[in-house]
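Engineer: Mind looking at a prediction? Sequence and model below.
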Amino acid sequence: MRRRGSVVLSVVVGAVVASIAAVWGVMPAYAAGATATFVKTSDWGSGWEGKYTITNGGASTINGWSVAFDLPAGTTLGSYWDALLTSSGQRHTFTNRSWNGTIAPGASVSFGFLGAGSGSPANCTLNGASCGGGTPPTTAPPTTRPPTTPPPTTTPPTTAPPTSGLPRHFLTGYWHNFDNPAVELRLRDVPAEYDLIAVAFAEATGTPGAVSFGVDPGLSASLGGYTDADFSADVRTVKARGKKVILSVGGETGRVAVSDAGSATNFSNSVYALIQQYGFDGVDIDLENGLNPTYMGQALRSLRSRVGSGLIITMAPQTIDMQSPSVSYFKLALDIRDILTVVHTQFYNSGSMLGCDQSFAYGQGTVNFMTALACLQLEAGLRPDQVALGLPAGPGAAGGGIVAPSMVNQALDCLARGTNCGSFRPPRTYPGIRGAMTWSINWDVANGNGFARTVRPHLNTLP
């Protein structure tokens, strides 16, 4: 998210993964005693997350490794991390990256990937020998025939969503607690189309992990006087209209760090105090400068135990932070999905990114970008009701990725119904897709309310 400037362009991330230009011609020498062990670390029915751990049980250092295996027809690979991949039909070969190719005796390294379908790896080899430490297998690749039944059209439910009091499909907007070229607004003047208002932002204090909040003096001056008491009264007014108000932590310049047990406790205590003081319904995690999933997860669980099941927990990661389940933001979302309300990823200021089909072609500002990246989260284990599309509210709101609100509606249709898609089509439909978010309410008002007035009515038409 942006703070006090007009347009500040994020570091644009271009193509995230470079294509592999050459196939290894000579495999490294096999070290006796080396093994590669596979586990499914997560399985959600339509897909799974897999992990191979390569252990050097021999007396010599392994300098470079290659793990190859077959997948049955009907099972495909998605995102992967900590390795390079080449594929030939259903045979897939993962090789080391520059930083994890050397394995000392007794040490191990690992890599992971996502799979779609029910199959598992077979006929595994490590540097040409059996992954179990024997000789290379002599069996031919599997010849399993493709399934004759069509793929499912919906993602099966897992656990029930938290009790948030929000509509099945809803619109989120960020409200500026600062002064910038967008329109300044009192909270009570937020347009009625917004169901969830994220107040941006809580600030770091001198205590690790702790945050504070108060009406920004610059905003107060621009509004001709706006006090903490005025803001608290506005929170009550907005909630009486049936809306929800949460406190967003972070932003582009936010420096809140929750990196150990003590700072996790400080975060939970300070956010709980602000909820009690101002009447917030929950918290939004929008940290663009690093996040520790272990301790932030601990902090959010502590906060939820104090507030109860009605606590709204949202996240606003950048697209790069949701490219792999091993990345901190993605890992946090999956770790707390039993208490998580929604992730509204910022589908802007991004450059080109991978989608769930591992294409390199999806550039920001397109329907394909929104649907392919949302699909990545949906196929990796988040429920449809936990995924929303985050877009800028027109000129001034972002440095790249601005789309017409009608394109947001197209992307929602594609995900929910399988209609109005671009060239990318998700492997199934997600009728429970939660909705949309915009940065920001203030920029939307400055641009004539086009985002809210276009997207919010469309949400009512979704399944």
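Structural biologist: Sure thing, it's come through.

Engineer: low-confidence ranges in the stretch 251-400 of the chain?
Structural biologist: 251-254, 289, 359-360 (pLDDT under 70).

Engineer: wait, isn't residue 279 in contact with residue 232?
Structural biologist: Yes. Contact status for residue 279 versus residue 232: in contact at 6.7 Å, counting by C-beta atoms under 8 Å. C-beta here means a position set from N, CA and C on the backbone, and glycine is covered the same way.

Engineer: which residues sit against the helix of greatest length in the chain?
Structural biologist: Ordering each helix of the chain by length in residues (DSSP state H) puts helix 261-278 first. Residues external to helix 261-278 that are found in contact with it (C-beta atoms under 8 Å, 6 or more residues apart in numbering): 202, 205, 207-213, 231-232, 235, 247, 249, 256-258, 280-283, 295-296, 298-300, 302-303, 306-307.

Engineer: what are the C-alpha coordinates of stretch 306-320, in CSV please?
Structural biologist: Extracted in CSV, the C-alpha atoms of stretch 306-320 (Å, rounded to 0.1, in the frame of the first residue of the first chain):
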residue,chain,number,x,y,z
ARG,A,306,-9.0,-12.6,23.5
VAL,A,307,-11.4,-11.1,21.0
GLY,A,308,-13.3,-14.3,20.0
SER,A,309,-14.5,-15.8,16.7
GLY,A,310,-15.9,-12.5,15.5
LEU,A,311,-12.4,-11.1,15.0
ILE,A,312,-11.7,-10.1,11.4
ILE,A,313,-8.2,-11.0,10.2
THR,A,314,-7.2,-9.8,6.7
MET,A,315,-3.9,-9.5,4.8
ALA,A,316,-2.8,-7.4,1.9
PRO,A,317,0.4,-9.0,0.6
GLN,A,318,2.2,-7.9,-2.5
THR,A,319,2.0,-10.3,-5.4
ILE,A,320,5.6,-11.4,-5.0
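
Engineer: just the helices in the stretch 201-350 of the chain please.
Structural biologist: 217-222, 228-240, 261-278, 293-307, 328-335 (DSSP state H, counting those that start in this stretch).

Engineer: which of those is buried the deepest?
Structural biologist: Among the helices of the stretch 201-350 of the chain, helix 328-335 has the highest mean neighbour count (mean count of other C-beta atoms under 10 Å), at a mean of 22.

Engineer: For residue 53, grab the count of nearby residues.
Structural biologist: 14 (other C-beta atoms under 10 Å).

Engineer: thinking it is in contact with residue 112, fair?
Structural biologist: No. Assessed by C-beta under 8 Å, residue 53 is found out of contact with residue 112, at 9.8 Å.

Engineer: which stretches of the stretch 101-250 of the chain have low pLDDT?
Structural biologist: 134-163.

Engineer: Centroid-nearest residue for the protein?
Structural biologist: residue 322 (3.7 Å; C-alpha atoms, centre = their mean).

Engineer: isn't that one right next to residue 347, touching?
Structural biologist: No. With contact defined as C-beta under 8 Å, residue 322 does not count as touching residue 347 (9.7 Å).

Engineer: Name the nearest residue to residue 369, ignoring sequence neighbours.
Structural biologist: residue 362 (4.6 Å; C-beta to C-beta, 6 or more residues apart in numbering).

Engineer: make that residue 438, sorry
Structural biologist: Going by C-beta to C-beta, 6+ apart, residue 438 has residue 393 as its nearest residue, at 4.4 Å.

Engineer: I'd guessed the one you found sits against residue 443; true?
Structural biologist: Yes. Taking contacts as C-beta under 8 Å, residue 393 lies within contact range of residue 443: 4.3 Å.

Engineer: neighbour count winner among the two?
Structural biologist: Remark: of residue 393 and residue 443, residue 393 carries more neighbours, 29 against 26, as counted by other C-beta under 10 Å.

Engineer: Let me see the backbone angles for the more buried one.
Structural biologist: Dihedral angles of residue 393 (phi, psi; degrees, to the nearest 10) stand at phi -90, psi 50.

Engineer: which stretch among the helices of the stretch 201-350 of the chain comes nearest residue 414?
Structural biologist: Between residue 414 and these, the shortest separation by C-beta to C-beta is 21.9 Å, and it involves helix 328-335.

Engineer: If I take that closest one and helix 293-307, what angle do their directions form?
Structural biologist: 40 degrees (axes from the mean of the first three to the mean of the last three C-alpha atoms, to 10 degrees).

Engineer: quick revisit: for the helices of the stretch 201-350 of the chain, give me JSON lines that also has distance to residue 374.
Structural biologist: Formatted as JSON lines, the helices of the stretch 201-350 of the chain follow (distance: least, C-beta to C-beta, whole Å):
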{"stretch": "helix 217-222", "distance to residue 374": "33"}
{"stretch": "helix 228-240", "distance to residue 374": "28"}
{"stretch": "helix 261-278", "distance to residue 374": "28"}
{"stretch": "helix 293-307", "distance to residue 374": "21"}
{"stretch": "helix 328-335", "distance to residue 374": "13"}
